[in-house]
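Peer 1: fold the following and give me the result.
(one chain, ligands or ions: 1)
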Amino acid sequence: MFTSLAGRAVVVTGGTRGIGKGIASVFARNGARVLITGRDSDVARAAAEELSADGAEVSFIQTDVSSREDCRRMAANAIERLGGIDVLCANAGVFPDSLLADMTEDLLDQVLGTNLKGTVFSVQACLDALKRSGRGRVILTSSITGPITGYPGWTGYGASKAGQLGFMRTAAIELAPSRITVNAVLPGNIVTEGLADLGEEYAASMAASIPLRRLGSVDDIGYAALFLATEEAGYITGQTIVVDGGQVLPETLEAVLEVKGSG
Ligand code: NAP
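Peer 2: Predicted coordinates for the structure are as follows:
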């Protein structure tokens, strides 16, 4: 049995939809007090209401993580509402696609500004509060795309997700004396509202290339993040957990198809 996280003050950037909302939900269901952020305040308000329907403590603040000033406001708001910050889940991200030959400077600025600079700004803004916590945890949502795999159209995105891990390794060393751990979850293909819109056929074709034969759920990512926030994970820092149903394992598609039906 893991030590309860009840009462912990948790900030989840990009917690208004998709994976971040799943992370927020898992923490809230385990008794944490959660602040979620996103740029669209209507969506954020609706998500906070939904997540607190069963009596959980979930609030929101409108924040654009690519703005350092917004991140400072987010941290100040968390301290005011929650009395501090024990856990920061730096999850907000965008994934615009563009082939390298066509990539504009604007697109590159957008993806690096949100995914990479946004991660750095969020952690910087929460740093003092995480230090005061005495058991601060930073959990980044990276991806298999970039750190492990590649996909046409995602050179910029892959660079941002791999960049988060470069940041993580040095941040983990710098923050260790303050008893703050910094780790990352690397999701594979996760079912979110956006993916659901692409239809069942598309989802089924993606699932066929995954050894565990299903796409991931937002809860799958939430539970990996929750584990990294526990007391029991306190000696793990600067590390990654791949949560992808084994998607990165097969050398070829045949390696997956070969065992179809044998299990
Ligand atoms: P999503 O459904 O599009 O949700 C993204 C969240 O981030 C929303 O809450 C969005 O709210 C927020 N956000 C985006 N830009 C922001 C900004 N500049 N400032 C503040 N909030 C911002 O995406 P998702 O699929 O859940 O992805 C979440 C994270 O998981 C990303 O870091 C992504 O790279 C990673 N990931 C996803 C998958 C997958 O299969 N879904 C796989 C691997 C990694 P607003 O739009 O209102 O700002």
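Peer 1: OK, contacts around V10?
Peer 2: 24, 27, 32-35, 82, 85-89, 229 (Cβ atoms under 8 Å, 6 or more residues apart in numbering). From N, CA and C alone the C-beta is placed, and that goes for glycine too.
Peer 1: sheet partners, orientation included, of the host helix or strand of it?
Peer 2: Assessed by DSSP states H and E, V10 sits inside strand 9-13. Strand 9-13 sits in its sheet next to strand 33-38 (parallel), strand 87-90 (parallel), going by DSSP bridges.
Peer 1: let me have those strands in a markdown table, adding mean pLDDT and distance to L249 as columns.
Peer 2: Shown next, in a markdown table, are the strands paired with strand 9-13 (pLDDT from 0 to 100; distance: least, Cβ to Cβ, whole Å):
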| stretch | mean pLDDT | distance to L249 |
| --- | --- | --- |
| strand 33-38 | 98 | 33 |
| strand 87-90 | 99 | 26 |
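Peer 1: winner for burial among those strands?
Peer 2: Comparing the strands paired with strand 9-13 by mean neighbour count (mean count of other Cβ atoms under 10 Å), strand 87-90 ranks first with a mean of 30.
Peer 1: mind checking how far R137 is from I85?
Peer 2: Distance, R137 to I85, by Cβ to Cβ, to the nearest Å: 10 Å.
Peer 1: what do the two both touch?
Peer 2: L130.
Peer 1: so where's the stretch 101-250 of the chain shaky on pLDDT?
Peer 2: Within the stretch 101-250 of the chain, no range satisfies pLDDT under 70.
Peer 1: how about the residues of it by the ligand?
Peer 2: In this structure, the stretch 101-250 of the chain approaches the ligand at residues 114, 118, 141, 143, 187, 189-190, 192-194, judged by Cβ under 6 Å from any ligand atom.
Peer 1: mind redoing it with 8 Å?
Peer 2: 113-115, 118, 141-145, 157, 160-161, 186-195, 215-216, 218, 221 (Cβ under 8 Å from any ligand atom).
Peer 1: in helices, which of those fall?
Peer 2: The members of those that map onto helices under DSSP state H are 118, 157, 160-161, 193-195, 218, 221.
Peer 1: of those residues, just the buried ones, ChimeraX syntax please.
Peer 2: In ChimeraX syntax, the buried subset of those is picked out as below (16 or more other Cβ atoms under 10 Å):
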select :118,157,160,161,218,221
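Peer 1: and the residue of the stretch 51-200 of the chain found nearest the ligand, what pLDDT?
Peer 2: Relative to the ligand, the nearest point of the stretch 51-200 of the chain is G93 (2.2 Å; Cβ to the nearest ligand atom). Looking at G93, its pLDDT stands at 98.
Peer 1: now it. Nearest residue, chain neighbours left out?
Peer 2: Closest residue in space to G93, ignoring its immediate chain neighbours: N115 at 4.8 Å, by Cβ to Cβ, 6 or more residues apart in numbering.
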